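[1] Model the following, please.
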Amino acid sequence: GRLQLRDILSVPMQRILKYHLLLDKLVQETNPSHEDFRGLERAKEAMVDVAQYSNEVKRDSEHLVVIQKVKESILDLNLPSGNNLEQYGRLLLDGELNIKAHEDQKTKHRYAFVFEKVMILVKNSNTKIGEGQYVFREAHNLQDYRVEICHSRRTLGRDGRLKYSLLLARKTQSTAFTLYMKTEEERDKWKRAFDIAMEMLDPIGCRNTDHMFYVCTFETPVVCRHCSKFLKGKIHQGYRCKCCEIIVHKGCISSTGRCKQNQSP
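    You can find the predicted model right below:
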């Protein structure tokens, strides 16, 4: 029973997630006036940051597996900015709904996948070719849309089964869809998913700064310009300014001040 090198190397990685607990105990047992107190606090904060980073990477690795399975399940996938589904963010919600395009007033039954950047509409596949369970029909960049609850009393169909709906409209007013659901709970669930996606694409914090931030996926670990902590996970970890290229957490956007590259002479 000789130990393999890989077994020895895994031990520090397993223990690193517990270091902040040991440091927290040291902080509690150290007098605040002691010269090492602040150093211990900083070390604890750093280890908490590392533990959170590791946990989010693990969580996003699971998201990437889900994304790959979705990609493999759709035949003839044709997305707005290339078919690398990972670039559209995490899957927020999927399920069946009825959708009516206002331009032709035809109601269609579709299966929808709502990601952080895009909504993909598919229909059940009747073919046995490949691994696809669905056939691609259309995709819409959520950056271009707004969503609101429809309060009209009119229902879809005579039996009134689909009496709850959402309006998904282009910000330019050129295109709009009505999405129909059976229950208020179901409608609110879809509304919540769209709200999460749209708030991520256009964070409230951007109203307090002239930086031109956009959500980004970073291939290597990076730290926030404002708080100096890791951006967590593997998908859409944070935001980069188009002008000065600083990188920050979503929660740090409102504290970034003015953009030095985006100022009038």
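
[2] which residues in the protein form strands?
    Here the chain has its strands, by DSSP state E, at 74-75, 91-101, 107-115, 118-124, 134-141, 145-149, 164-170, 176-181, 213-216, 238-241, 247-248.

[3] Which positions in the longest one come out as buried?
    Just to be clear, that refers to strand 91-101. Of all the residues in strand 91-101, those buried under the rule 16 or more other C-beta atoms under 10 Å are L91, L92, L93, L97, N98, I99, K100. Any C-beta I mention is one placed from the backbone N, CA and C, and that applies to glycine too.

[4] Reformat those residues as CSV; add pLDDT and distance to K232.
    Listed next are the buried residues of strand 91-101 as CSV, based on pLDDT from 0 to 100; distance: C-beta to C-beta, whole Å:
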residue, pLDDT, distance to K232
L91, 98, 18
L92, 98, 18
L93, 97, 22
L97, 93, 32
N98, 93, 37
I99, 94, 34
K100, 92, 39
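
[5] coming back round to it: can you redo the strands of the chain as JSON lines with distance to S10?
    JSON lines is the format used below for the strands of the chain (distance: least, C-beta to C-beta, whole Å):
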{"stretch": "strand 74-75", "distance to S10": "37"}
{"stretch": "strand 91-101", "distance to S10": "30"}
{"stretch": "strand 107-115", "distance to S10": "33"}
{"stretch": "strand 118-124", "distance to S10": "38"}
{"stretch": "strand 134-141", "distance to S10": "39"}
{"stretch": "strand 145-149", "distance to S10": "45"}
{"stretch": "strand 164-170", "distance to S10": "47"}
{"stretch": "strand 176-181", "distance to S10": "47"}
{"stretch": "strand 213-216", "distance to S10": "31"}
{"stretch": "strand 238-241", "distance to S10": "29"}
{"stretch": "strand 247-248", "distance to S10": "30"}
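
[6] among these, which is nearest V48?
    strand 238-241 (17.9 Å; C-beta to C-beta).

[7] From the contact counts, what lies against the closest one?
    Applying 3 or more C-beta pairs under 8 Å, 6 or more residues apart in numbering; DSSP states H and E, we find strand 238-241 packed against strand 213-216, strand 247-248.

[8] mean confidence score for stretch 107-117?
    In this model, stretch 107-117 carries a mean pLDDT of 95.

[9] let me redo that: stretch 11-30
    Stretch 11-30 shows a mean pLDDT of 85 in the predicted model.

[10] try stretch 33-53
    For stretch 33-53, the mean pLDDT works out to 93.

[11] Could you list the residues in contact with it?
    With contact meaning C-beta atoms under 8 Å, 6 or more residues apart in numbering, stretch 33-53 is reached by 16-17, 19-20, 23-24, 26-27, 30-31, 221, 229-230, 232.

[12] Please identify the buried residues of it?
    Within stretch 33-53, the residues that count as buried by 16+ other C-beta under 10 Å are L40, E41, A43, K44, A46, M47, V48, D49, V50, A51, Q52, Y53.

[13] Equivalent analysis for stretch 165-172, please.
    For stretch 165-172, a neighbour-count test (16+ other C-beta under 10 Å) marks S165, L166, L167, L168, A169 as buried.

[14] from memory the last one sits against T175, does it?
    I take that to be A169. Yes - here A169 reaches T175: they are 7.3 Å apart, a contact under C-beta atoms under 8 Å.

[15] picking up where we left off before, closest to V215 out of the buried residues of stretch 165-172?
    Nearest to V215, judged by C-beta to C-beta, of the buried residues of stretch 165-172 is L168 at 20.1 Å.

[16] Chain neighbours aside, what residue packs nearest to the closest one?
    The shortest distance from L168 to any non-neighbouring residue, by C-beta to C-beta, 6 or more residues apart in numbering, is to F177 (4.6 Å).

[17] So, low pLDDT: which residues of this structure?
    Along the chain, segments meeting pLDDT under 70 span 1, 126-132, 152-162, 263-265.
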